[in-house]
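In: Provided below for reference: sequence and predicted model.
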6 protein chains.
Amino acid sequence: MGKNGLTHLDSNDRPQMVDVSKKEETLREAVAEGRVVLPQRILEVIREGKTKKGNVLLIAETAGIMACKKTPELIPLCHSIRLDSASVTCDLDESNSCVVVRCKVVAKEVTGVEMEALTGVSVAALTIYDMCKGIDKGMRIEGIRLLKKSGGKSGIYCVEGTE
Amino acid sequence: MGKNGLTHLDSNDRPQMVDVSKKEETLREAVAEGRVVLPQRILEVIREGKTKKGNVLLIAETAGIMACKKTPELIPLCHSIRLDSASVTCDLDESNSCVVVRCKVVAKEVTGVEMEALTGVSVAALTIYDMCKGIDKGMRIEGIRLLKKSGGKSGIYCVEGTE
Amino acid sequence: MGKNGLTHLDSNDRPQMVDVSKKEETLREAVAEGRVVLPQRILEVIREGKTKKGNVLLIAETAGIMACKKTPELIPLCHSIRLDSASVTCDLDESNSCVVVRCKVVAKEVTGVEMEALTGVSVAALTIYDMCKGIDKGMRIEGIRLLKKSGGKSGIYCVEGTE
Amino acid sequence: MGKNGLTHLDSNDRPQMVDVSKKEETLREAVAEGRVVLPQRILEVIREGKTKKGNVLLIAETAGIMACKKTPELIPLCHSIRLDSASVTCDLDESNSCVVVRCKVVAKEVTGVEMEALTGVSVAALTIYDMCKGIDKGMRIEGIRLLKKSGGKSGIYCVEGTE
Amino acid sequence: MGKNGLTHLDSNDRPQMVDVSKKEETLREAVAEGRVVLPQRILEVIREGKTKKGNVLLIAETAGIMACKKTPELIPLCHSIRLDSASVTCDLDESNSCVVVRCKVVAKEVTGVEMEALTGVSVAALTIYDMCKGIDKGMRIEGIRLLKKSGGKSGIYCVEGTE
Amino acid sequence: MGKNGLTHLDSNDRPQMVDVSKKEETLREAVAEGRVVLPQRILEVIREGKTKKGNVLLIAETAGIMACKKTPELIPLCHSIRLDSASVTCDLDESNSCVVVRCKVVAKEVTGVEMEALTGVSVAALTIYDMCKGIDKGMRIEGIRLLKKSGGKSGIYCVEGTE
């Protein structure tokens, strides 16, 4: 392990995909969240255009799930693992003028799946941006974070206020 | 074009990669930005571990550039285009306890490159998360947005306060 | 060029991506079609479950568009080109107990885009199979073929009966 | 599970990669089949040009095997699994003027491998189309279907007439 | 440009995909070469097993061509470009106990194609290793280098002794 | 198995990804090596430009690790496996005017990981070439070979002189 607890860097600070061959295979879950903050014009289109909203959000959900599977291609030192489940939900939160994106990933594996969940959220959010940017480019992606994580020796991680 | 100006959905709200064969090839640039907000323990490690900091941030920059090239694989309706330049910078901002990630992309193309710039920022930020999550999982990715865009018939887009 | 007019094999019958550097860049279009023939139980589910139908078919359309962009990764000797437009439609044809899949691709390029259109149809059809196989595995994918092609020196190709 | 038995859609008809973490790992096999129907001119070239035939069909077989491994990238809700074996055969059937493509996939896994086998057949067939389209574009891909499937709790699936 | 002429690092030694938007599109060609040095047992199998030799070498040639198209995914700071032609030849050189691998790439582009040619050679050579390693693991890959390059403002590069 | 012990070709010399479903899962390790031989001008830049050297070599190490994960996409008949660890080191060897690249891969798997280690070395070496080719194109990649391998029924493989 590298100095200062950065497990991805070896003792000479070179990159490495850390050895997990001694770790135990357990059921691991992770839930991540993020928000796409919407200018008024986009909020209206998504709220009123019922069919359309379904489509924009559904395509974003599909893209998010596909991105979970691509995580080890994107994040250099992330392990290629076999996911047992992945789902993404995009919900319009009108009172906060945003779409709330959540991703849950499950795997019986030797490493955690938080990066897969965070990547799923990020790509779903980017897809919403892409599909609405013709209306207004002033969207912002905010608050991408891990909400919960279980499995593995570090135990349960849970953000306060998340049941 | 779909109703309500959502150009990615056709008149029956089906997905489509919109036709850009009639658009003019011009020099297009986009700059996007985001922040990885760091818990105190990670901030200290990055600040004090000079060699390490270089490495964490450099690997994130490399991952961000590679992700720019993967944008059309990730975003369903995004065009595959040829990028003329891509760069990502990750800078520690101690006073705000965060790493500021910026990505600039240039292409002489028929479509804009804002999605490539936003994807570069997102993946660089996720890479920082991945490399530091062994210390503390309480990082958050905030404020991913387009700062500037030029080229194309919609003219220059520029967030206020950005020169 | 190889013997017998197989342009992908050189004079010693080795594979090659044929040289298109001398070919003219023109506007090229291709339309391909295929059908997923459905057992009765799946037909009913898709016909009655209106919301669901939209979703199954929409996810298949999205997958088909993404596959168009992956064509050169899948087909060994196919050129990597920049697509100007891609769209996939999946329509339930109740009287023939099938879903009709069509894909149209447009590119201002030096090579034709028929492989992209055929690949889009194939992957959309496979996605429908995947999403409905829990109900009945007796689906069949039939009639994948090129309907129309224009652009390039070989002129317009059009299957009889297609306007 | 979604209404109507569509396991890929959750109770709100959103896409999800279904949870297989509780499923048993068993030896799973799948065999799929399809045909590329050939115009006379292509049939002759493949029949007479012995060396060439070997090459066209061998490249298609290679492409089909590589596509088996790419299945989870192409089919949005398909699990990434580890294949234990994959093979594709392309045989000229002169009396029926076609190439018969078969793909067999084996995996000790928690999910079936029918999508991998069907994808292998589809991409091998598309590769034959690509390599012969310079001669005649009138080829058609027909009859892509699952022939056999074993392993997993749904038991053995076998098309009538297939031993 | 970075200090010391390393164009891939900016003035702070950060990675960047260098800006080629001002460069001229010209016809660029590159030829690269390498050798797989074979232990006696493998040499004999390839020499005597005529059918097999064709297959091993043909699959390697196919893999090499496909790898040319994957170059920008593999090499972090390499531009995604559109190749006009790619071919790989694998020839048994009995007197030197090796397979000679050559790859030629052509593109009308703003950057050179030497990385594509070198990558094609490398992956074809690795494929030969993979297909023969069951017989003997003592193979070595030697002499991967650029033989010729033309197009672009740096003029013609040609290794001595290569016509 | 094919004639002559080539396990990747079946009895008719067709390609196949060989069946490993009966093989035992054991801890497998592989170490591979290669060298990038440097012209004098590049050697000096890397030796003197301390910061730069770190960066060139670090980016190459990162690219090599990422390539290990891409091995089954590049090598047609290679199995997709889950790697437990991967690391690449690039060390300047001034007395021999070269960079020595080593890659170590570990996996608890049913197949060996030598192809992953050899691919990691190859892509790290190609990345060094790419980053320094603006100075001099006369680099050569030499001596890519397997140094050590353990796990699996074929026992330990070790090149003489390697401890």
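Out: Here it is on my side, so go on.

In: Next up, identify which helix or strand A:Ile65 is on.
Out: Using DSSP states H and E, A:Ile65 falls within helix A:50-74.

In: Show the subsequent helix or strand relative to that helix.
Out: Next helix or strand after helix A:50-74 toward the C-terminus (DSSP H and E): strand A:85-93.

In: Give me the contact status of the following helix or strand past that next one with chain B.
Out: Once the chain leaves strand A:85-93, the next helix or strand it forms, by DSSP H and E, is strand A:98-109. No. Counting by Cβ under 8 Å from any Cβ of the partner chain, chain B has no neighbours in strand A:98-109; the shortest distance is 12.2 Å. C-beta coordinates here come from the backbone N, C-alpha and C atoms, glycine included.

In: who does strand A:98-109 pair up with?
Out: Its sheet considered, strand A:98-109 pairs with strand A:26-37 (antiparallel), strand A:85-93 (antiparallel) by DSSP bridges.

In: can you pull the contacts of the residue nearest to A:Leu38 when sequence neighbours are not counted?
Out: Nearest residue to A:Leu38 in three dimensions, chain neighbours excluded: A:Ser97, at 5.3 Å (Cβ to Cβ, 6 or more residues apart in numbering or on different chains). Contacts for A:Ser97 (Cβ atoms under 8 Å, 6 or more residues apart in numbering or on different chains) come out as A:Val37, A:Leu38, A:Gln40, A:Leu43.

In: of all the strands paired with strand A:98-109, which lies closest to A:Asp130?
Out: strand A:26-37 (10.9 Å; Cβ to Cβ).

In: tilt between that closest one and helix A:50-74?
Out: 130 degrees (axes from the mean of the first three to the mean of the last three Cα atoms, to 10 degrees).

In: distance between strand A:26-37 and the chain's centre?
Out: Averaged C-alpha coordinates place strand A:26-37 at 5 Å from its chain's average position (Cα atoms, centre = their mean, to the nearest Å).

In: Around A:Gly138, how many other residues sit close by?
Out: Using other Cβ atoms under 10 Å in any protein chain shown, the number of residues around A:Gly138 comes to 16.

In: How many neighbouring residues does the closest residue to it other than its chain neighbours have?
Out: Spatial nearest neighbour of A:Gly138, chain neighbours left out: A:Pro39 (4.6 Å); criterion: Cβ to Cβ, 6+ apart. Other residues within reach of A:Pro39 by the criterion other Cβ under 10 Å amount to 15.

In: how close does A:Pro39 sit to B:Ser150?
Out: Taking Cβ to Cβ, to the nearest Å as the measure, A:Pro39 falls 20 Å from B:Ser150.

In: hmm, back to that, what's the distance between the residue nearest to A:Leu38 and A:Ala32?
Out: Between A:Ser97 and A:Ala32 the distance is 21 Å, computed by Cβ to Cβ.

In: residues from chain A in reach of chain D?
Out: Residues of chain A that fall close to chain D, judged by Cβ under 8 Å from any Cβ: A:27, A:58, A:61-62, A:65-66, A:68-70, A:82-89, A:106-108.

In: out of those residues, which are buried?
Out: Buried by 16 or more other Cβ atoms under 10 Å in any protein chain shown: A:58, A:61-62, A:65-66, A:68-70, A:82-89, A:106-108, out of the residues of chain A next to chain D.

In: so which of the contacts of A:Ser97 is the most crowded?
Out: A:Leu38 (27 neighbours).

In: wait, what's in contact with it?
Out: So A:Leu38 contacts A:Ile46, A:Ser97, A:Cys98, A:Val99, A:Cys132, A:Met139 (Cβ under 8 Å, 6+ apart).

In: Please apply the same query to A:Arg145.
Out: Contacts were defined as Cβ under 8 Å, 6+ apart; by that measure A:Arg145 touches A:Ala32, A:Glu33, A:Gly34, A:Leu118, A:Val159, B:Gly138, B:Met139, B:Arg140, B:Ile141.

In: Give me the distance between A:Thr71 and chain D.
Out: 10 Å (Cβ to the nearest Cβ, to the nearest Å).

In: My read is that that residue contacts A:Thr119, right?
Out: Yes. Between A:Thr71 and A:Thr119 a contact is recorded at 4.5 Å, counting by Cβ atoms under 8 Å.

In: ok, those two, which is more surrounded?
Out: Comparing A:Thr71 with A:Thr119 by other Cβ under 10 Å, the one with more neighbours is A:Thr119, at 31 against 25.

In: so what pLDDT did the more buried one get?
Out: Here the pLDDT value assigned to A:Thr119 is 98.

In: Next: A:Arg14.
Out: The model reports A:Arg14 with a pLDDT of 85.

In: Now do the contacts for it.
Out: A:Arg14 makes contact with B:Asn55, F:Leu58, F:Glu61, F:Ser87, F:Val88, F:Thr89, according to Cβ under 8 Å, 6+ apart.

In: what's the answer for A:Leu27, then?
Out: Taking Cβ under 8 Å, 6+ apart, one finds A:Val106, A:Ala107, A:Lys108, A:Ser150, A:Gly151, D:Ser21 in contact with A:Leu27.

In: OK, contacts around the fourth one?
Out: If a contact means Cβ under 8 Å, 6+ apart, then A:Ser150 has A:Leu27, A:Arg28, A:Glu29, A:Ala30, A:Ile156, A:Tyr157 as its contacts.

In: mind redoing it with 7 Å?
Out: Listed by Cβ atoms under 7 Å, 6 or more residues apart in numbering or on different chains, the contact set of A:Ser150 reads A:Arg28, A:Glu29, A:Ile156.

In: least trustworthy position among those residues, going by pLDDT?
Out: The lowest pLDDT within the contacts of A:Ser150 belongs to A:Ile156, which sits at 90.

In: Count residues in the vicinity of that one, would you?
Out: Per other Cβ under 10 Å, the neighbour tally for A:Ile156 reads 10.

In: Chain C versus that one, what's the distance?
Out: Where chain C is concerned, A:Ile156 sits at a distance of 32 Å (Cβ to the nearest Cβ).

In: now A:Leu38
Out: Counting by Cβ to the nearest Cβ - A:Leu38 and chain C are separated by 22 Å.

In: What does the residue nearest to A:Leu38 show for phi and psi?
Out: The phi/psi pair for A:Ser97 (degrees, to the nearest 10) reads phi 50, psi 50.

In: Quick check: the gap between it and A:Val88.
Out: 20 Å.

In: What of A:Gly112?
Out: Distance, A:Gly112 to A:Val88, by Cβ to Cβ: 18 Å.

In: follow-up on the earlier one: can I get the contacts of A:Arg14 in CSV with pLDDT and distance to B:Gln16?
Out: Shown next, in CSV, are the contacts of A:Arg14 (pLDDT from 0 to 100; distance: Cβ to Cβ, whole Å):
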residue, pLDDT, distance to B:Gln16
B:Asn55, 83, 43
F:Leu58, 90, 42
F:Glu61, 95, 42
F:Ser87, 95, 44
F:Val88, 96, 42
F:Thr89, 95, 47
